[in-house]
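> model this:
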Amino acid sequence: AAFFGYEIHVGISTGKALDRPLLQMASGESEGAISEDESIMGTYVHGIFDDPGACAYLLKWAGVDKLELIDFAVLSEQGIERMADTLEVYMDMSKLESAMALYCN
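From the prediction side, this is the model:
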């Protein structure tokens, strides 16, 4: 399954488990590991559960049959738009823009 995410870690991982990588990055590099019996997996990729396709793949691997997937990117955008709309209703936007102009120039 395709996935999106970012990698954060310090150091170098070693060991036999790395002979069975979990993911292939867009760069072509292998990442993570999955045990020989496929019962344990690990990765340094953060945000992988935010992608509905990758999340579904991982949950199916874990034995979850019934999925209700949420697109976190869409949900996040909807929340940002709701906050922006609320600010426009309750804030004096012209005062805010004037103050920003003073401090941002």
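
> centroid residue for the chain?
Gly47 (2.3 Å; CA atoms, centre = their mean).

> so it is in contact with Gly5, correct?
Yes: with contacts counted by CB atoms under 8 Å, Gly47 reaches Gly5, the gap being 4.0 Å. C-beta here means a position set from N, CA and C on the backbone, and glycine is covered the same way.

> neighbours around Tyr44, how many?
When counting by other CB atoms under 10 Å, one arrives at 15 neighbours for Tyr44.

> now the strands for this protein?
Counting by DSSP state E, the segments of the chain that form strands are 6-7, 23-24, 30-31, 33-34, 41-42, 45-46.

> pick the most deeply packed of these.
strand 33-34 (a mean of 18; mean count of other CB atoms under 10 Å).

> next, count neighbours for Ala54.
Neighbours of Ala54 (other CB under 10 Å): 19.

> any idea of the mean pLDDT in stretch 13-28?
Throughout stretch 13-28, pLDDT has a mean value of 88.

> whoops, I mixed them up, stretch 76-94
92.

> chain center to the lengthiest helix in the chain, what's the gap?
With secondary structure taken from DSSP state H, the chain has its longest helix at helix 72-90. Here the centre of helix 72-90 is set off from its chain's centre by 19 Å, with CA atoms, centre = their mean, to the nearest Å.

> please apply the same query to stretch 34-44.
20 Å.

> who's in contact with it?
Here stretch 34-44 makes contact (CB atoms under 8 Å, 6 or more residues apart in numbering) with 7-9, 13, 17, 20-23, 31-33, 61.
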